[in-house]
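Q: Sequence first, then the predicted structure, then my questions.
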Amino acid sequence: MPEQFVLKTAKYGKDKVRLLKVYRTPQKQVAVELTVRLMLEGDIETSYTKADNSVVVTTDTCKNTVYYIAKHSQNVDTPELFAQELTQHMLNHYSHIHVAHAEIIKHKWTRILVDGKPHAHSFVRDGDEVQTVHVTQYRKGDRVECKSGISNLLVLKTTGSAFYGYYKDQFTTLPEVWDRIFSTAVDCTWTYNKHSVAAFRNIDFQRVFDGVKKITLETFATDDSASVQATMYLIQTRILELFPEVEETYYSLPNKHYFGVDMSKLAGGIDNTGKNLDVYQPVSDPSGLITATVSRKPKSRL
Ligand SMILES: O=c1[nH]c(=O)c2[nH]c(=O)[nH]c2[nH]1
């Protein structure tokens, strides 16, 4: 190997391992559909630098392991726990693997309501959003890190959003508005501050997920929004206030613009402005993109 080069990072595994797990009881059945990426790091350098395959736990084995753990786990419905069971298995079985990552997308299947009651074994895809999880487990210190999230949660409000008072100079053409459409596709993640395996597995992940989604939707709906930035920060601080086990939140909100259609030259002139504005054109690009990470302040040392 040329002496002047160094292998700086190396990580490999299987991506897009898709599975449906069904838990059956006489009363009802539970369906969980996941897409899994399982990635490994460790003493694997020589497989890259010396064509030494003896250190390679094959990506095919990674795929088999996902199905093996899914077969035996009681926790596939809680992707954080299932992910940690995957990473634990890899660290237990392969002594030269020192870091394992399980990234999971949980697809939405909601029970169909029949006469108002959730059906025992039939489901509908009733939203575009997915639940996301990235668990990283380190052999060193038996440490678990977890980033849970929601992706592609589409929302829109038709009033209760303004944008004015922003910085203006000769490059500014945007008109100020006191009432506009606000629409976005929420992408967010949050991390937990419990890093030992035992403490991690005691977190009520479903409660946090439900709470984050509720805060996101209710704050979006009710905040008299001064900007995407201000509404986003309000959501993030409310999450940190309600869930002490959450250390940090990251939000990424595209500003999906809806502009009023100019009808002044249509059919002799139609007023679609001001109080008469009710026909909009969705403009998919370009779109604003607002992001922020909000975390707890480090505790000051006494
Ligand atoms: O909420 C907003 N934040 C911005 O930073 C911005 N910029 C822009 O053109 N429109 C908006 N809206």
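A: Yep, that arrived.
Q: Strands of the chain, start to end?
A: 12-24, 29-42, 97-106, 110-114, 117-124, 130-138, 143-157, 182-192, 246-260, 280-295 (DSSP state E).
Q: Any chance of a markdown table for those strands, columns mean neighbour count and mean pLDDT?
A: C-beta: built from backbone N, CA, C; applies to glycine. Shown next, in a markdown table, are these (neighbours: other Cβ atoms under 10 Å; pLDDT from 0 to 100):
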| stretch | mean neighbour count | mean pLDDT |
| --- | --- | --- |
| strand 12-24 | 15 | 98 |
| strand 29-42 | 20 | 98 |
| strand 97-106 | 21 | 98 |
| strand 110-114 | 13 | 98 |
| strand 117-124 | 13 | 98 |
| strand 130-138 | 21 | 98 |
| strand 143-157 | 17 | 98 |
| strand 182-192 | 21 | 98 |
| strand 246-260 | 19 | 97 |
| strand 280-295 | 12 | 96 |
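Q: mind checking which of these is nearest Y167?
A: In terms of Cβ to Cβ, the element of those nearest to Y167 is strand 280-295, at 14.5 Å.
Q: Does anything pack onto that closest one? Which helices or strands?
A: Counting contacts by 3 or more Cβ pairs under 8 Å, 6 or more residues apart in numbering; DSSP states H and E, strand 280-295 is packed against helix 228-242, strand 246-260.
Q: which stretch among the ones you listed comes nearest L217?
A: Closest approach to L217 among those (Cβ to Cβ): helix 228-242, 9.4 Å.
Q: Show me what from the stretch 51-200 of the chain comes close to the ligand.
A: 163, 174 (Cβ under 6 Å from any ligand atom).
Q: circling back to that earlier point, kindly reformat the helices and strands packed on strand 280-295 as JSON lines and extend each row with distance to the ligand.
A: Formatted as JSON lines, those follow (distance: least, Cβ to the nearest ligand atom, whole Å):
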{"stretch": "helix 228-242", "distance to the ligand": "4"}
{"stretch": "strand 246-260", "distance to the ligand": "5"}
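Q: Redo the ones you listed as TSV? Include distance to R18.
A: Shown next, in TSV, are these (distance: least, Cβ to Cβ, whole Å):
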stretch	distance to R18
helix 228-242	30
strand 246-260	25
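Q: Now stretch 44-63: buried residues?
A: Of the residues in stretch 44-63, 44, 55, 57, 59, 61-63 count as buried by neighbour count, 16 or more other Cβ atoms under 10 Å.
Q: Quick check, central residue of this structure?
A: In the chain, the C-alpha nearest the mean C-alpha coordinate belongs to G149, at 2.9 Å (Cα atoms, centre = their mean).
Q: Enumerate the beta-bridge partners assigned to the residue in the stretch 1-150 of the chain positioned nearest to the ligand.
A: Using Cβ to the nearest ligand atom, I150 is the residue of the stretch 1-150 of the chain that sits closest to the ligand, at 20.4 Å. Under the criterion DSSP bridges, I150 forms beta bridges with Q131, C188.
Q: Going forward, count from 45.
A: Done: numbering now begins at 45, and the last item shifts to I194.
Q: care to break this structure down by domain?
A: For the chain, the TED database gives the domain ranges 45-184, 196-237+248-345.
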